[in-house]
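*Asks:* what follows is a predicted protein model with its sequence.
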Amino acid sequence: MLLKVPDEFASSVKSLLLYAGPPREDECEGIEALKKEGGKVIFFLTPEEKKVYTLKPDEAGVTWENDALLQKWLMENMAIWTGGQIGGSSREKASQFAAVLGEVINLTNFDTRSLEFLSKDNEPARNIYRNYRWVEDGIPLRRAKGMGQNAVVFIVAAGPSLNKQWETLARIQRERADTTFIVCGRSYARAMEAGIIPDFVVEVEQFEWNDRIFMFAPKPHPTTILCAPLTACPGVMSAWPARRMILMDHNMAQFMKLELGTDSIDGGNSILHHMFNLAMFLGSTNVVLAGADLSYPPGSTDTHADGTFPAWPRPILVAEHNRQEPLMLPSTDGSMVEASQPYKNFCLFLEMQIATHRKAKPVLRVYNASAHGQKIEGTEFKELTEWLTPLLPAPSSSPPPSSPESSSSSPESGSISSLSASTASA
């Protein structure tokens, strides 16, 4: 992404110019004067623009392949560009860059406020201490790496569009032998009721009130794995009667001198991001987003799908049922849909994730099954019913593909059901 940055680029900078596109001829003199006075310039160039402009030794450049990848670079390198002025080869180009930059600033501010809220009373640190036992006693994360390479991974979130999709999702799991289902915690009970047996259940909420999330929920299938970061509610982890796997973040893995990317996984600011990262960790190249509305689609009567409101305390449930301040955003169907600023932020971060993984793995395809939800760049809409034609022979017996009875695969062959809590082969 970064073309080149001279040594000590970010130090002793008197002024910084963020310039979109190659410099106009009438601005070259001013740019040189800026540099002579101790200023620095970062050029943001598309792949085509890189062919016509060569950076000078005292200039830095970033490839603007697409907005999502540019936004990811801007988020990861805020210390370099914060405080810079914006310029461009045209007013339109500068305005386009300013819009991209503005989204990153909004997302960063949102993350900062969220971190301040989530870190009060030092709850994350306490949860890490209490959950660490599952690093030792649970399934090692590295055992899951690449085990879904041949699977179509269905990520089941909790959006209102699921109200009309549960039966179809259950049929897909019954009729296809090549699927892996990752279900968010709040949708677990409703998914089980519909006949869906999750391969993975992901939960990230850190507060103690979340220990009620599986109250009155069906007992999990023996092969279902609860996945959570170390900061998740310890009560949820302890109460789960089946297998567990910690989604170790890179910072903790580095502190523990583990292998990054093998013993650790990317995070995010929404449970959807954690589920998507798990799908990528499994190695899937075909991912389907179900219930990822990131909005309040037309006709929806609640903020989330029916049956996805666990037995949380009343104040939490009241907040969960209330819509946030409305913000109209582009929809999958080309119209506009009511959403909110947080939903927009979540979508932006997901778009960055998709773009990053697709750059590393160009064959990756992400499908969005929400016909009227917020448009997610980098995805393509596909009706769930179109997945009812199996790519592989459907299992002949009733147990789901992930169960030990219907899968004879060994751990080496990539069967999700072959994961165990033993660390011997880790």
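*Replies:* Sure thing, it's come through. Numbers count the residues shown, from 1 in each chain.
*Asks:* does residue 259 count as helix, strand or coil?
*Replies:* coil (DSSP: H, G, I helix; E, B strand; the rest coil).
*Asks:* hang on, it packs against residue 265?
*Replies:* No: the criterion here is CB atoms under 8 Å, and residue 259 misses it with residue 265 at 11.8 Å. No exception for glycine: its C-beta is placed from N, CA and C like everyone else's.
*Asks:* comparing the two, which residue is more hemmed in?
*Replies:* Between residue 259 and residue 265, residue 265 has the larger neighbour count (other CB atoms under 10 Å), namely 23 against 10.
*Asks:* you'd agree the more buried one is up against residue 247?
*Replies:* Yes: checked against CB under 8 Å, the pair residue 265 and residue 247 is within contact range at 5.2 Å.
*Asks:* got any residues that touch both of the two?
*Replies:* Residues touching both residue 265 and residue 247 by CB atoms under 8 Å, 6 or more residues apart in numbering: 141, 277, 278.
*Asks:* OK, contacts around the first one?
*Replies:* So the one you mean is residue 141. Counting by CB under 8 Å, 6+ apart, residue 141 has contacts 245, 246, 247, 248, 262, 263, 264, 265, 281.
*Asks:* what sits closest to the fifth one if chain neighbours are left out?
*Replies:* Once its chain neighbours are removed from consideration, residue 262 has its nearest residue in residue 142; the separation is 4.9 Å (CB to CB, 6 or more residues apart in numbering).
*Asks:* count the residues that sit near that neighbour.
*Replies:* 18.
*Asks:* go on, residue 75?
*Replies:* 17.
*Asks:* any idea how far the closest residue to residue 90 other than its chain neighbours lies from residue 98?
*Replies:* Of all residues not flanking residue 90 in the chain, residue 21 sits nearest, at 7.0 Å (CB to CB, 6+ apart). For residue 21, the distance to residue 98 equals 13 Å [CB to CB, to the nearest Å].
*Asks:* so which of those two has more stuff around it?
*Replies:* residue 21 (21 against 14).
*Asks:* which pLDDT value does the model give the more buried one?
*Replies:* pLDDT, residue 21: 93.
*Asks:* so which residues of the stretch 301-426 of the chain form helices?
*Replies:* Counting by DSSP state H, counting those that start in this stretch, the segments of the stretch 301-426 of the chain that form helices are 314-321, 341-360.
*Asks:* which one of those is the most hemmed in?
*Replies:* Highest mean neighbour count among those (mean count of other CB atoms under 10 Å): helix 341-360, with a mean of 20.
*Asks:* helices or strands next to that one in the packing?
*Replies:* helix 67-76, helix 91-118, helix 271-282, strand 327-330 (3 or more CB pairs under 8 Å, 6 or more residues apart in numbering; DSSP states H and E).
*Asks:* mind running it again at 6 Å?
*Replies:* Applying 3 or more CB pairs under 6 Å, 6 or more residues apart in numbering; DSSP states H and E, one finds that helix 341-360 contacts helix 67-76, helix 91-118, helix 271-282.
*Asks:* output the shortest one as CSV - backbone C-alpha positions only.
*Replies:* Put plainly, it is helix 67-76. Provided in CSV are the C-alpha atoms of helix 67-76 (Å, rounded to 0.1, in the frame of the first residue of the first chain):
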residue,chain,number,x,y,z
ASP,A,67,-11.5,3.5,-0.9
ALA,A,68,-11.6,0.6,1.5
LEU,A,69,-7.9,-0.2,1.3
LEU,A,70,-7.1,3.5,1.5
GLN,A,71,-9.2,3.9,4.6
LYS,A,72,-7.5,0.9,6.2
TRP,A,73,-4.1,2.5,5.6
LEU,A,74,-5.3,5.8,7.0
MET,A,75,-6.6,4.1,10.1
GLU,A,76,-3.4,2.3,10.7
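*Asks:* buried stuff in stretch 144-164?
*Replies:* 144-145, 147-148, 151-163 (16 or more other CB atoms under 10 Å).
*Asks:* perfect, that will be all.
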